[in-house]
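Undergrad: here is a sequence together with a model predicted from it:
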Amino acid sequence: MVVLYGQVVLGPPGSGKTTYCKAMGAVLKELGRKVAIINLDPANDSLPYEAAVDINELIQVSEVMESNKIGPNGALVFCMEFLEQNLEWLISKLKALPGHYFIFDFPGQAELYSHHTMVRNILSSLEKSDLRLCAAYLVDSHYANDPGKYISAVMLALNSMMMMEMPTVNILSKVDSVEKYGKTALGLEYYTDVMDLDYLIDTMNDTPVLRKYVKLNRAIAEVVTDYSLVSFIPMSVESHSTILDVMKAIDRANGYVYGSGEEGNIQRLLSCAVGAQWEHDRVGVARDEFMESDEELSTEEEIIGLIAQQNQDRY
């Protein structure tokens, strides 16, 4: 059986999943790939892309809400459970698209991944059908402006990685608007590499409302740091180069770079396989293009300055 490849687009509502699917699909088509975007969000009935498969043909959230007299979240859970029970419908649709690279657009409700197993079961069944998948988990970059929201987003990303049980590439989306609500406390590398979160915890303690949660916040930060699994690739759909960076990471994670035959240059193949990449190529392009650079301080210098300020305030 021919092995096929694809990516599963996850992330909280508003993180830009659907826009990402459209932009990534366009880039892959430019590279000559046969791309099929699969909409598995039954609440999304207005798509900016042409869906090769649309779950709305099988079930719709609005119909479930009306027939069962339940709210949108409950209806979404019902729809995904219905898809799990009727997975042959999806598999037959995919088999009708031989030789395609698949992009799966999933709903964003966190409870589907943190409290239920139907999405994991669906993906597990697809992988058993010789489909090599990688999760692309999107987080809105504006969370970097709020330490509490950023730590929560990192925790959700870690939870998704553990629950989905599949290779994952975490993406800091909409990086072009990272400073829309003000400059970040630290450099972009700090948020992409998820460095020591204690520095953010200390800034949260400056807010009186959050001081009573200092032990809880520190415990959450320790969980994320101890696992040391989460890091992000900055991306903007307006930047072709950042989309290509994400594509390369996903191609390594799902094995496309090894088995597709698309990569003809052995040196480029080995470079992609081992992850060889200059630091500026990984983060610097997004930083230089979308963030103000009036202060030429490295992340290390910023952290040292923050520690010095904290020590000064302490004494």
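TA: Sure thing, it's come through. Numbering: from 1, shown residues only.

Undergrad: spit out the contact partners of residue 157.
TA: 137, 139, 168, 170, 230 (Cβ atoms under 8 Å, 6 or more residues apart in numbering). C-beta: built from backbone N, CA, C; applies to glycine.

Undergrad: could you look up the SS state of it?
TA: Under DSSP: H, G, I helix; E, B strand; the rest coil, residue 157 falls in the helix class.

Undergrad: next: the one 3 residues further on.
TA: Under three-state DSSP, residue 160 falls in the helix class.

Undergrad: can you give me the buried ones in the helix or strand harbouring residue 221?
TA: Secondary structure assignment for residue 221, by DSSP states H and E: helix 214-227. Neighbour-count burial for helix 214-227, with 16 or more other Cβ atoms under 10 Å as criterion, is recorded at 217, 220-221, 224.

Undergrad: right, and residue 147 touches residue 207 too?
TA: No. Under the criterion of Cβ atoms under 8 Å, residue 147 makes no contact with residue 207, lying 9.1 Å away.

Undergrad: looking at the two, which is more packed in?
TA: A count of neighbours by other Cβ atoms under 10 Å puts residue 147 above the other of residue 147 and residue 207, at 25 against 11.

Undergrad: what stretches of the stretch 51-200 of the chain score poorly on pLDDT?
TA: Across the stretch 51-200 of the chain, residues meeting the criterion (pLDDT under 70) sit at 181.

Undergrad: and the helices in it?
TA: Chain-ordered helices for the stretch 51-200 of the chain, with DSSP state H, counting those that start in this stretch as the definition, fall at 61-68, 72-85, 87-95, 111-114, 118-128, 147-164, 188-193, 198-204.

Undergrad: what about the strands in this structure?
TA: Defined through DSSP state E, the strands belonging to the chain, from first to last, are 4-10, 35-39, 53-54, 101-105, 131-140, 168-173, 232-234.

Undergrad: so what strands line up beside the longest one?
TA: Strands adjacent to strand 131-140 in the sheet, as given by DSSP bridges, are strand 4-10 (parallel), strand 168-173 (parallel).

Undergrad: single out the most deeply packed of those.
TA: When neighbours are counted by mean count of other Cβ atoms under 10 Å, the highest per-stretch mean among the strands paired with strand 131-140 falls to strand 168-173, a mean of 27.

Undergrad: wait, residue 159 touches residue 114, no?
TA: Yes. Contact status for residue 159 versus residue 114: in contact at 5.4 Å, counting by Cβ under 8 Å.

Undergrad: mind checking how far the residue nearest to residue 80 when sequence neighbours are not counted is from residue 109?
TA: With Cβ to Cβ, 6 or more residues apart in numbering as the measure, residue 118 is the residue that lies nearest to residue 80, at 4.8 Å, once sequence neighbours are left out. Residue 118 sits 12 Å away from residue 109 when distances are taken as Cβ to Cβ, to the nearest Å.

Undergrad: now for the two: what residues contact both?
TA: With contacts defined as Cβ under 8 Å, 6+ apart, the residues shared by residue 118 and residue 109 are residue 77.

Undergrad: find the centremost residue of this structure, please.
TA: Per Cα atoms, centre = their mean, the C-alpha nearest to the average position across the chain is that of residue 137, at 1.7 Å.

Undergrad: from residue 214, how far out is that residue?
TA: According to Cβ to Cβ, residue 137 and residue 214 sit 28 Å apart.

Undergrad: give the contact list for the closest residue in space to residue 78 that isn't next to it in sequence.
TA: Beyond its immediate neighbours in the sequence, the residue positioned closest to residue 78 (Cβ to Cβ, 6+ apart) is residue 64, lying 5.1 Å away. When contacts are counted by Cβ under 8 Å, 6+ apart, residue 64 touches 42, 70, 75, 78-79.

Undergrad: pick the one among the residues you listed closest to residue 238.
TA: The shortest gap between residue 238 and any of those belongs to residue 42, at 28.9 Å (Cβ to Cβ).

Undergrad: looks like the residue nearest to the centre of the chain contacts residue 166 (just checking).
TA: No. Proximity of residue 137 to residue 166 does not meet the contact threshold set by Cβ under 8 Å, at 10.6 Å.

Undergrad: just give the nearest non-adjacent residue to residue 116, would you?
TA: Nearest residue to residue 116 in three dimensions, chain neighbours excluded: residue 77, at 6.5 Å (Cβ to Cβ, 6+ apart).

Undergrad: show me the contacts for residue 105.
TA: Here residue 105 is in contact with 9, 17-18, 21, 37-41, 44, 51 (criterion: Cβ under 8 Å, 6+ apart).

Undergrad: rerun that using 7 Å as the cut-off
TA: Contacts here follow Cβ atoms under 7 Å, 6 or more residues apart in numbering; on that basis residue 105 touches 9, 17-18, 21, 37-41.

Undergrad: how far off centre is stretch 135-154?
TA: For stretch 135-154, the distance from its own C-alpha centre to the chain's C-alpha centre is 10 Å (Cα atoms, centre = their mean, to the nearest Å).
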